[in-house]
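K.L.:
Kindly generate the corresponding structure for this input.
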Amino acid sequence: MLPPDLNSSNPTPQTGAIPPVVAPQSPVLPPTVGEGSPKSMKKILAIAGGFLAIVIVILLAVSFFLSRNKAVEQKDEVELVWWGLWEDTSIIEPIIKEYEESHPKTKIKYTVQSKEDYRERLTSALASGTGPDIFRLHNTWVPMFARSLTPLPASIMSAQEFGSTFYPVAGKDLTISTGIVGIPLEFDGMAMFINEELFTTFALTPPKTWDEFKVTAKALTITNKAGEIEQAGAAVGFSTNIDHWEDIVALIYLQNGADLALQREDRAQGALTFYTDLGRVGKVWDESLPPSTIAFAGGNVAIYFGPSWRVFDIQKLNPNLDFRILPMPQILKEEKEPDIMYASYWFEGVSNKSQGQAQAWDFLKFMSSKESLEKLYANASKTRAFGEPYSRVDMRELLLSDPMVGPFLELAPTAQSWYLASKTFDGETGINSQLSTYFNDAVTEMVRGGDINRASNNLDKGVAQVMKQYGITVKK
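P.N.:
Numbering: from 1, shown residues only. As a prediction, this is how the structure comes out:
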């Protein structure tokens, strides 16, 4: 747009005119610039007119920019496909509908995937460009999917906000070189299950340290004349028939200050020896017993270790079993050192091939809000004992007093994790499965009285191979 006409309606003063003669006693000087002369007024009007023109141009540009952005916001409908695990559609759909009502241009299609070959199917789908926009991953799977994940935009949630919202372990697990690559909608890890009837019968107190654990488990073990275990003090020390042995081993390593990637160090060797001695030397468990979850549900095991979702399995196997859940035992340490639990949880990621990345992240932030998580928990609690434990730090107190859920959140602020995790169903080539195979070999060798140096040396080589395969840097 051109600037408006700046011609003044006042006549242009004549040049060369002779000024009138005035009396000497009353000299009158012609007006100077800045004091109201026609020239100065014209200059002022010109400047004002130019400034007005600039303002008009800026306003037009801003108007165009805003109208363009508005057009983007009102573009055609976006459909996001979400691959979920574990949670039934009836639990998720009500929250999705609530989001869609406030975001009519975004549609969410949630499908529950089978755990069988899930990791492989997801990998293939993402590689071919036919994968979902949003998908659930285990916290240990980040290295396997790093190239398929898009980082969380700071405009949706800053790193500072993420760090203050979720537990520190989530910030550590889900942050890579490109940024934060997921939002957790739940938290889980390992806790200690005890058979209340057996503890009452033997008048024993649940152990708080591993030293107390060894004494208590031994006292609760009953063998027959042939030396066969009829009542196991604890499901620990082996790998063949103990569910979640990987998580127990990893926890002992971390509590001992060992690096699971460096097996030949003294702290690592000490942790491996300690775990296998719990079963081999303590003789509180053996390989002839049923799988630990089934054995505990049957009432023949005093102490069992598992994640929160095992509560449902145990209750289903034996609704009448009287059991209690407590935090995991700790090693003896300085008072200033925090207690540690092992974290094993799932989170939601967004594909970097998604055409609706911004909408996907906005939706996940909505799903991770206090209100949404409370509704998800309430929906799940209609069909089972409880929902998924909250992932948010500011919601921890809401469940801390719950006898079934609280123990899994008690040590959540100081939880740690690593890539040795059980029951993630990541397939033979998955990071968890491969590491489990190498650790299983080491545990088996030690149980059979093998040499710790040979066992740790072979384990060190196997771990290094897996770390290299997935580009994980190992600190020497």
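
K.L.:
which is the next helix or strand following the worst-scoring helix or strand of the chain on mean pLDDT?
P.N.:
Lowest mean confidence among the helices and strands of the chain (mean pLDDT, DSSP states H and E): helix 38-73, at a mean of 46. Per DSSP states H and E, the first helix or strand lying C-terminal to helix 38-73 is strand 78-84.

K.L.:
so what strands line up beside that following strand?
P.N.:
strand 106-112 (parallel), strand 134-138 (parallel) (DSSP bridges).

K.L.:
Deepest-packed of those, please.
P.N.:
strand 134-138 (a mean of 25; mean count of other C-beta atoms under 10 Å). In this view, the C-beta of every residue, glycine as well, is placed from N, C-alpha and C.

K.L.:
Would you mind writing the CA trace of that one as PDB?
P.N.:
This file holds the C-alpha atoms of strand 134-138, laid out as PDB (Å, rounded to 0.1, in the frame of the first residue of the first chain):
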ATOM      1  CA  ILE A 134       2.200 -43.000  18.800                       C
ATOM      2  CA  PHE A 135       3.400 -46.200  20.300                       C
ATOM      3  CA  ARG A 136       4.300 -47.800  23.600                       C
ATOM      4  CA  LEU A 137       7.900 -48.700  24.400                       C
ATOM      5  CA  HIS A 138       9.800 -50.100  27.400                       C
END
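
K.L.:
quick one: contacts of that strand?
P.N.:
80-86, 113, 122, 126, 145, 182, 344-351, 354, 360, 363-364, 421, 424, 426, 432 (C-beta atoms under 8 Å, 6 or more residues apart in numbering).

K.L.:
Quick one: the strands in the stretch 251-400 of the chain, in order.
P.N.:
In the stretch 251-400 of the chain, the strands defined using DSSP state E, counting those that start in this stretch lie at 301-306, 323-326, 346-350.

K.L.:
so which of the ones you listed is the most packed in?
P.N.:
Greatest burial across these, using mean count of other C-beta under 10 Å, falls to strand 301-306, with a mean of 27.

K.L.:
still on that earlier bit, filter the contacts of strand 134-138 to the buried ones?
P.N.:
Using 16 or more other C-beta atoms under 10 Å as the burial test, the contacts of strand 134-138 include 80-84, 113, 122, 126, 145, 182, 344-351, 354, 360, 363-364, 421, 424, 426, 432 as buried.

K.L.:
Apart from its chain neighbours, what residue comes closest to Arg121?
P.N.:
Gln113 (7.5 Å; C-beta to C-beta, 6 or more residues apart in numbering).

K.L.:
Check the spacing between that neighbour and Glu120 real quick.
P.N.:
12 Å (C-beta to C-beta, to the nearest Å).

K.L.:
same check, this time on Leu174
P.N.:
22 Å.

K.L.:
One more: Ser164?
P.N.:
For Ser164, the distance to Glu120 - C-beta to C-beta - is 36 Å.

K.L.:
is it true that Asp441 touches Leu459?
P.N.:
Yes: judged on C-beta atoms under 8 Å, Asp441 makes contact with Leu459 at a distance of 7.2 Å.

K.L.:
Just want to know which of these two has more residues nearby.
P.N.:
Higher neighbour count among Asp441 and Leu459: Leu459, with 24 against 16, using other C-beta atoms under 10 Å.

K.L.:
now the more buried one, what's its secondary structure?
P.N.:
State at Leu459, reduced to three classes by DSSP: H, G, I helix; E, B strand; the rest coil: helix.

K.L.:
quick one: it and Ala442 touch, right?
P.N.:
Yes: judged on C-beta under 8 Å, Leu459 makes contact with Ala442 at a distance of 4.2 Å.

K.L.:
any shared contact partners between those two?
P.N.:
Residues touching both Leu459 and Ala442 (C-beta under 8 Å, 6+ apart): Gln263, Leu272.

K.L.:
Wait, a strand at Pro153?
P.N.:
No: under three-state DSSP, Pro153 sits outside any strand and is assigned coil.

K.L.:
List the contacts of it.
P.N.:
Pro153 touches Gln357, Ala358, Trp361, counting by C-beta under 8 Å, 6+ apart.

K.L.:
mind listing the helices for the stretch 251-400 of the chain?
P.N.:
266-280, 292-297, 310-317, 357-367, 370-380, 396-399 (DSSP state H, counting those that start in this stretch).
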